[in-house]
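Undergrad: dropping a prediction and its sequence here:
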Amino acid sequence: SQQGEEDPQALSIQEGENATMNCSYKTSINNLQWYRQNSGRGLVHLILIRSNEREKHSGRLRVTLDTSKKSSSLLITASRAADTASYFCARNSGNTPLVFGKGTRLSVIA
Amino acid sequence: DTGVSQNPRHKITKRGQNVTFRCDPISEHNRLYWYRQTLGQGPEFLTYFQNEAQLEKSRLLSDRFSAERPKGSFSTLEIQRTEQGDSAMYLCASSRGGHTDTQYFGPGTRLTVL
């Protein structure tokens, strides 16, 4: 079953705006990973954040993790039309395969 | 290109036919995973290999599904007697080590069962 849940399910913003996507989970984790998927394509790994980390940055991406609330957020700053994609969080508990959420569909309008 | 490759990219078949997909992982990666993704959903784990050994199978993997990874290199996923409900994107991923390592995904094989 999919235990990572993204919020919102869909998000539409103007180019240049920031986009924030949230992910909640139910059980303890070893790490949490964010992936991007362009329409009909494979997934591209964005960021991995470990359970003992609170924030990570990669270019225009910022991921936070709050293990007390069992939630994570992905912030994309200064969005571009090319950021249009689905974004998934995936929970890793160490001894089990990744569990993906249903994803957030982001549309960036030029 | 040293990424994960999958063939074919698209497959259309009639109900009841058998289909086989292939995945070539990144060469030095020991772990190989298969996922299934339906429209509007995230990928769902099917099975994984550590080298040539198949270590775990999801309950989603019915008896009609079989996967192999001979010699610990490429892997094949076969679906026998396909059903319309098997229509989905089948994704392969590989990683260097255990479940905590980053997984690198292939482009997927989209299966349509008529």
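TA: Received the coordinates, thanks.
Undergrad: list the buried ones in the helix or strand A:V44 falls within?
TA: Following DSSP states H and E, the helix or strand that holds A:V44 is strand A:43-50. For strand A:43-50, a neighbour-count test (16 or more other Cβ atoms under 10 Å in any protein chain shown) marks A:43, A:45-49 as buried. (Glycine included, C-beta is placed from N, CA and C.)
Undergrad: again with stretch A:20-39
TA: So for stretch A:20-39, counting by 16+ other Cβ under 10 Å, buried means A:20-21, A:23-25, A:29-37.
Undergrad: so how far is that stretch from its chain's centroid?
TA: 5 Å (Cα atoms, centre = their mean, to the nearest Å).
Undergrad: that one: end-to-end distance?
TA: Counting by Cα to Cα, to the nearest Å, you get 20 Å between the two ends of stretch A:20-39.
Undergrad: ok, that stretch near chain B or not?
TA: Yes - counting by Cβ under 8 Å from any Cβ of the partner chain, contacts between stretch A:20-39 and chain B involve A:30-31, A:33, A:35.
Undergrad: what bits of chain B have low per-residue confidence?
TA: B:1 (pLDDT under 70).
Undergrad: that one against chain A: which residues are in contact?
TA: Counting by Cβ under 8 Å from any Cβ, chain B sits next to chain A at B:4, B:6, B:33, B:40-45, B:48, B:56, B:89, B:91, B:93, B:98-100, B:102-108, B:110.
Undergrad: which of those residues count as buried?
TA: B:4, B:6, B:33, B:41-45, B:48, B:89, B:91, B:93, B:99-100, B:103-108, B:110.
Undergrad: among the residues of chain B next to chain A, which ones are in helices?
TA: Assigned to helices by DSSP state H, none of the residues of chain B next to chain A qualify.
Undergrad: ok so, going back, so what secondary structure elements neighbour the strand holding A:V44?
TA: strand A:31-37, strand A:55-58, strand A:61-66, strand A:71-76, strand B:104-105 (3 or more Cβ pairs under 8 Å, 6 or more residues apart in numbering or on different chains; DSSP states H and E).
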